[in-house]
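Engineer: This is a predicted model, with the sequence first.
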Amino acid sequence: ALISSTTIMAGEEIIVYKSLDQAKDGRDALAKHMYERVFGWIVKKINTNLHPHKSRSQTKVAEIGILDIAGFENLQTNSFEQMCINMVNERLQYFMNNVVLIQERKIYESEEIPFENVDFKDNMNIIQMFEISKIGIWPSLDEESKFQQGTDSKFVERLKKNFPKGHAYNPLLTFARGDRIGFGVKHFAGAVWYNCEKFLEKNRDTLNKDIEDVMKSSKDDCIADLFSVRKGDTGTISNTQYNIRASRKVPGLGVSIRAKTDQGGLQGMDLGRTLKEKYGKVGKPTELIYMPRDSKTTVSYFQKSISQLLSKMRHADSFFVRCIKPNLQMAPDQLEETLVRGQLKYNGISEICRIRKDGYPSRILIEDFIKRYKPLFSFKQSGNKDMVKTILDGTLPVGLRDKYHIGKHKVFMKESVNSHIERVHFIRQKWAASVIADGLKKNCEVQKRERLKKEQEERRKLKRNKRRRTLFGISFFLSSTWSKT
């Protein structure tokens, strides 16, 4: 099957030998599908083993999901894989922007502060350009992939026709002149040029039927199992509603095997379906139709997978962790500023910071605010909010007095307000530090004078005592001398 293909015409079996390149392509495709199905089986087993026991099925169980995906990519040569990765990031960026806005709105409402709508870099037009029915990039690629005579260049021409000059989405696309097969997309993180060679082949992602039949009839029950089970909606057997097998166990794998018939077919719920049931009625061959009726493309699996992912994320509390690579050499103590800036832009962190900045980014608990800034004034007010208002109105110039809000528990301030009051606080601290320093200096000088005075007094006292002892010694000597004479 790797070196030849078999077709039946007029009841006669015809064997066509493949070229070396075709055989290599078949080998690579088989390896890819083998890896994909084994990986899917492993994921399915892990999820099955981690799933709560049936005895707890009636109780609510908390779940934690970890999503680890590649970031935005703009390589020297970008292909179908980069476009899929970048579209995932487009969808997640849109989701993250909305999550941030929703969280911001909840915080404002809980503090009884009016929420002002914040304009953010909406990338929904890019998402719609890819997904819009019939003329979008994904539907166009799927449509072109159905035809045997479809080519990558025809796909690009179809896009040019669907998005002519004057179309709302045309400014987001760039088409090359000359023989280059590709197009550019203005993503939220920057423009990316995609080389469309092998786009249709990668989207079809089909395994040669002869090779597939060989794998299904393999003497290795595990291999036959993996290639017989139908994929789920997301294109993997890790998320399929179909059983793998049901009659006996494969040693070491823990999966069930269905009994084989005399003809070698697999009996059972899904594996026993005939080709007619799987692929529909077999009609007269036509050169237009390339794929079976219910065959799915990579794009269709991709879109279904993204939809399921976002659906789960919408019903969960999402937390985002953005990883920044400091340098390409993976060396310590080296920071490449250009690389880091690019990642901050591509990861959407810069946009999130801008959204926060357009609102009230500085938020301090009222108690902490008073504790920090109370030394700026002497107060007669007893209420905490009155103290906060006195501090701010007494510190801020007129132009900044409308750029803060006092909530139920927190003080919300624009960056300019926070910068100004921090500057005043710093000046007051500096002044207080100088006053304290002057006081300490004077105190040290007084203590020094007193110490010197005390030392002088001690020295005078010592001199007096010494003189007294000397005089006493002399007088004692003289008196003893006189007494002898």
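Structural biologist: It's in.
Engineer: how about the residue most central in space within the chain, phi and psi?
Structural biologist: For the chain, the residue nearest the mean C-alpha position is Arg322 (5.1 Å; C-alpha atoms, centre = their mean). In this entry, Arg322 is assigned phi and psi values of phi -100, psi 130 (degrees, to the nearest 10).
Engineer: Verify the stated contact: it with Ile349.
Structural biologist: Yes: the pair Arg322 and Ile349 qualifies as a contact (C-beta atoms under 8 Å) at a distance of 5.7 Å. Glycine gets a C-beta too; all of them are placed from N, C-alpha and C.
Engineer: show me the contacts for the residue lying closest to the residue nearest to the centre of the chain once chain neighbours are set aside.
Structural biologist: Distances taken as C-beta to C-beta, 6 or more residues apart in numbering place Asn347 nearest to Arg322, at 4.7 Å, with adjacent residues excluded. Neighbour list for Asn347: Gly71, Phe72, Ala189, Arg322, Ile324 [criterion: C-beta atoms under 8 Å, 6 or more residues apart in numbering].
Engineer: Any regions of the stretch 51-200 of the chain where pLDDT drops low?
Structural biologist: By pLDDT under 70, the low-scoring segments of the stretch 51-200 of the chain are 52-59, 117-120.
Engineer: the helices in it, which residues?
Structural biologist: Here the stretch 51-200 of the chain has its helices, by DSSP state H, counting those that start in this stretch, at 80-110, 124-131, 137-145, 152-162, 199-204.
Engineer: Equivalent analysis for the stretch 251-400 of the chain, please.
Structural biologist: 275-279, 298-314, 337-346, 349-358, 366-373, 384-395.
Engineer: want to throw those into TSV with distance to Tyr108, mean pLDDT and mean neighbour count?
Structural biologist: What follows is these, written out as TSV (distance: least, C-beta to C-beta, whole Å; pLDDT from 0 to 100; neighbours: other C-beta atoms under 10 Å):
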stretch	distance to Tyr108	mean pLDDT	mean neighbour count
helix 275-279	54	37	11
helix 298-314	21	90	16
helix 337-346	26	85	14
helix 349-358	12	79	16
helix 366-373	16	89	15
helix 384-395	17	86	16
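Engineer: Could you say which helix or strand holds Leu211?
Structural biologist: If you look again at residue 211, you'll see it is Ile, not Leu. helix 209-216 (DSSP states H and E).
Engineer: what packs against that helix?
Structural biologist: If contacts are counted by 3 or more C-beta pairs under 8 Å, 6 or more residues apart in numbering; DSSP states H and E, helix 209-216 sits against strand 4-9, helix 20-50, helix 221-228.
Engineer: same for the longest one, what does it pack against?
Structural biologist: Read that as helix 20-50. Using 3+ C-beta pairs under 8 Å, 6+ apart, helix 20-50 is in contact with helix 209-216, helix 221-228.
Engineer: May I have the first one as PDB, with CA atoms only?
Structural biologist: The C-alpha coordinates for helix 209-216 follow below in PDB (Å, rounded to 0.1, in the frame of the first residue of the first chain):
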ATOM      1  CA  LYS A 209      -7.600   4.300   1.500                       C
ATOM      2  CA  ASP A 210      -5.300   1.300   0.700                       C
ATOM      3  CA  ILE A 211      -3.000   2.200   3.600                       C
ATOM      4  CA  GLU A 212      -6.000   2.700   5.900                       C
ATOM      5  CA  ASP A 213      -7.500  -0.700   5.000                       C
ATOM      6  CA  VAL A 214      -4.200  -2.400   5.700                       C
ATOM      7  CA  MET A 215      -4.000  -0.800   9.100                       C
ATOM      8  CA  LYS A 216      -7.600  -1.700   9.900                       C
END
